[in-house]
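1. this one's structure only:
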């Protein structure tokens, strides 16, 4: 599947559906754990393997989230936070070190609150945005550490499966 | 030294730097409990928009302990992963799952960024508990 292709095959659409389903299922499966999520890991893997088209899956995922949950400021945050992650991961797609991707995931978790706070600058002002970000710093630290651990554990086996699948398409 | 190794060192350094910045910002600008006696005002605005004002003198460092000391003010909540969540105030329950209602906390007129159990209390503070419904 390539973005430049004019036609999408049935397989392309099915793969898109699987990516969205995996993101949604992964998010719901770990929703009970505060600041632990697998969405970052999945988006990075999809971006590294499927490239920019993973952004389409990410946008569909955000759309599904908006259907499942009451739309609010988080919806706006999701609209740029997850696609931005896909773009950054795509730019680093040549990296193959588990340590690189683990630290990359951790960094995104550490910066998550600051990225979310951008919305508050435009809605309630810079003061609220900064205090909101500071209040969430302990959660950002937990988020970063958990992202690091998830990538460290899952990167090699999942990458292997993805590569095998991609090579046998 | 290979380019990949340089990249790895660079991103590791960036992570260390970000953690250091987060830690310093939180220590310097994060919530700080204040000891000693403090005068505070607590205003409760219920689901009908009726305001009840409470004046209190307290030694409590956090809002949860300060409101417990106030006669005639009954705040009930449940402990969650992100701190205490207010369920009801003076018997009026806000249930987000039913009608998107919740008890909002305002600190000196601004929307609170901390939960009731992590909100520090300072002398002269005015706290408002407002029954609100999400517009979404």
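-> Yep, it's here. This one's a predicted model, so the numbers in the text were calculated from it and none came from an experiment. Numbers count the residues shown, from 1 in each chain, chains lettered A, B, ... in the order given.
2. residue ranges with poor pLDDT in the chain?
-> Went with chain A since none was named. Where chain A drops to pLDDT under 70, the residues are A:1-6, A:169.
3. oops, wrong one, chain B.
-> Scanning chain B for pLDDT under 70 picks out the ranges B:1, B:135-136.
4. and the residue of it nearest chain A?
-> residue B:81 (3.7 Å; Cβ to the nearest Cβ). C-beta coordinates here come from the backbone N, C-alpha and C atoms, glycine included.
5. how many residues are close by that residue?
-> Per other Cβ atoms under 10 Å in any protein chain shown, the neighbour tally for residue B:81 reads 10.
6. please name the residues that touch it.
-> Contact analysis of residue B:81 by Cβ atoms under 8 Å, 6 or more residues apart in numbering or on different chains lists residue A:34.
7. what are the buried residues along the helix ranked longest in chain B?
-> Criterion DSSP state H: the longest helix present in chain B is helix B:3-29. Neighbour counts over helix B:3-29 (16 or more other Cβ atoms under 10 Å in any protein chain shown) mark B:8, B:11, B:12, B:15, B:18, B:19, B:22, B:26 as buried.
8. and chain A, which of these reach it?
-> Among these, proximity to chain A is found for B:8, B:11, B:12, B:15, B:18, B:19, B:22, B:26 (Cβ under 8 Å from any Cβ of the partner chain).
9. next, give me the two most distant ones among those.
-> Spatially, the most separated pair among those is B:8 and B:26, at 27.2 Å (Cβ to Cβ).
10. how about the ones next to chain A among the buried residues of helix B:3-29 in JSON lines, adding distance to residue B:63?
-> Below are those laid out as JSON lines (distance: Cβ to Cβ, whole Å):
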{"residue": "B:8", "distance to residue B:63": "45"}
{"residue": "B:11", "distance to residue B:63": "40"}
{"residue": "B:12", "distance to residue B:63": "40"}
{"residue": "B:15", "distance to residue B:63": "34"}
{"residue": "B:18", "distance to residue B:63": "30"}
{"residue": "B:19", "distance to residue B:63": "29"}
{"residue": "B:22", "distance to residue B:63": "24"}
{"residue": "B:26", "distance to residue B:63": "19"}
